[in-house]
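# Need coordinates for the below:
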Amino acid sequence: MSHAHFIARRRRLLKTIGDGVAIIPTAPEVVRNRDAHYPYRFDSYFWYLSGFPEPEAVIVLVGGKKPKSILFCRDKHEEREIWDGYRYGPKAAKSAFGFDAAYSIEQFDKKLPELLVDRDTLWHAVGHDDAWDARIARALNEVRAQARAGKRAPRAIHDLRAELDAMRLYKDKAELATMQRAADIASAGHARAMRACRPGMAEYELEAELSYEFRKRGADGHAYTPIVAGGANACVLHYVENNKLLNDHTLVLIDAGCEVQGYAADITRTFPVNGRFTPAQRDVYEIVLAAQAAAIAATAPGRHFMEAHDAAVRVLTRGLVDLKLLTGDVDTLIEKGDFRRFYMHRTGHWLGLDVHDAGEYKIGNDWTTLQPGMTITVEPGLYIRPGADVPTELAGIGIRIEDDVRVTAEGCDVYTTAPKTVAEIEEVMRHD
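Model prediction:
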């Protein structure tokens, strides 16, 4: 993604803030234990506006008649670069990332009050980080203390996230291309896991297959902690232990996606450990697959966000009646919410720089209307926990099927391609 895209986003936001000032810090480094850190990952809002990869950095956008974008970042430091790697430093960062000015991060607290003087509005992520709230409050109070000298502090403070969320909801061509690459890599990882799977393997061995494929193909790594859930573990929605053995004649559910240049893919596939579905497993799987097809058909411009969920719920509820797990009229069962015993989550979410991406799901009392450029997941499932009223052949079956979908002018495009039908899965898992 070229830096022209980031510059254009900053200019667009500068128009939004008028005569105000916007402050967007990146994420801090986090210590794991002693002097070892967690792998660094930038703040998504900061990255969206800069593409700058280093920690200890802040963007300040100053609106008005002469708008400008300013970067504060770490100085060049020869000794630290020996230990930690290359640093741009303000001079090189200004040129490389298209900022109007760049300063040392050490100057931030001194310069911020100067930038706030006589500005109408301050924009930042109010309440997101107590330390940053306090830091900005000190700068505001420093300006207020100079009121007798004719200096005025911003009188209004707005939450910048609302404006950035609205921008991030619509992906441009460069973003969609990056997300396609992430989807292609993640799809290959799921196919690799299917080919490798055998009874007696551990869940973490399949996780390793995914990690290998992701990194081999150039992804930054996992976009979130992967779920590799064999058997009844699949009925635990956020199962992440991934340390049990995979048993013959059971299913394994894998929810895993990679990240490329900050953008996430998010795929779930469920398949038989031994490569062949039992009749009961196939029956449940086909219901979930049909529910996903119905949800995808309801994903199009002008349709609201919840229509896909409603379509999936109807198919799933009808299927639960066919399986004799529920009894009664489908409409009544949906109205009463009886299906939630076996399907307790929504059918999708926004996808982008965050796996659960920025964007409003409701505007006032109305669900958000889908428009071209929006990207979502479609992920119905059924989770049949053992119970006295559950047939033995269905007990412990957990199935979720998830794909990534972009809304287009004509409808939608499913852009993840991991094997999904029963025939496709059994073919890729053939062990002869």
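# Going by C-alpha atoms from here, please, whenever you check contacts or count neighbours.
Noted.
# which helix of this structure spans the most residues?
helix 173-196 (DSSP state H).
# And that one, how far out from the chain middle?
Put simply, helix 173-196 sits 14 Å off its chain's centre (C-alpha atoms, centre = their mean, to the nearest Å).
# Next: stretch 419-427.
How far stretch 419-427 lies from its chain's middle: 27 Å, per C-alpha atoms, centre = their mean.
# Residues contacting it, please?
For stretch 419-427, the external contacting residues (C-alpha atoms under 8 Å, 6 or more residues apart in numbering) are 191, 194, 269, 271, 275-277, 282, 289, 401, 428.
# Let's see that with 10 Å instead.
Identification of contacts with stretch 419-427 by C-alpha atoms under 10 Å, 6 or more residues apart in numbering yields 187-188, 190-191, 194-195, 268-272, 274-277, 282, 285-286, 289, 401-403, 418, 428-429.
# Please, a ChimeraX command that selects the buried ones among those residues?
Applying 16 or more other C-alpha atoms under 10 Å to the contacts of stretch 419-427, the buried members can be selected in ChimeraX as follows:
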select :187,188,190,191,194,195,268,269,270,271,272,274,275,276,277,285,289,401,402,403,418,429
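# And Arg119, its phi and psi?
For Arg119, the backbone dihedrals (degrees, to the nearest 10) come out as phi -100, psi 140.
# what's it in contact with, if anything?
Neighbour list for Arg119: 18-21, 62-64, 151-156 [criterion: C-alpha under 10 Å, 6+ apart].
# Quick one: which of those residues is the most crowded by neighbours?
Val21 (27 neighbours; other C-alpha atoms under 10 Å).
# unless I'm mixing things up, that residue is touching Leu116, no?
Yes: proximity of Val21 to Leu116 meets the contact threshold set by C-alpha atoms under 10 Å, at 6.7 Å.
# what sits in contact with each of those two?
By the contact definition C-alpha under 10 Å, 6+ apart, Val21 and Leu116 are jointly contacted by 62, 122, 154.
# State the distance from the last one to Arg135.
For Pro154, the distance to Arg135 equals 15 Å [C-alpha to C-alpha, to the nearest Å].
# One more: the first one?
Relative to Arg135, Val62 is positioned 18 Å away (C-alpha to C-alpha).
# so is the spatially most central residue of the chain in a helix, a strand, or just coil?
With distances taken as C-alpha atoms, centre = their mean, Val355 lies nearest the centre of the chain, 1.1 Å away. Under DSSP: H, G, I helix; E, B strand; the rest coil, the three-state class of Val355 is coil.
# now do the same end-to-end measure for stretch 409-425.
End-to-end for stretch 409-425, by C-alpha to C-alpha: 31 Å.
# Hmm, His249 is touching Gly200, no?
No: using C-alpha under 10 Å, His249 makes no contact with Gly200, being 11.1 Å away.
# Need the residues touching each of the two.
Counting by C-alpha under 10 Å, 6+ apart, the contacts common to His249 and Gly200 are 273-274.
# Enumerate every residue touching Leu316.
By C-alpha under 10 Å, 6+ apart, the contact set of Leu316 is 284, 287-292, 310, 322, 330, 334, 339, 342-343, 380-382.
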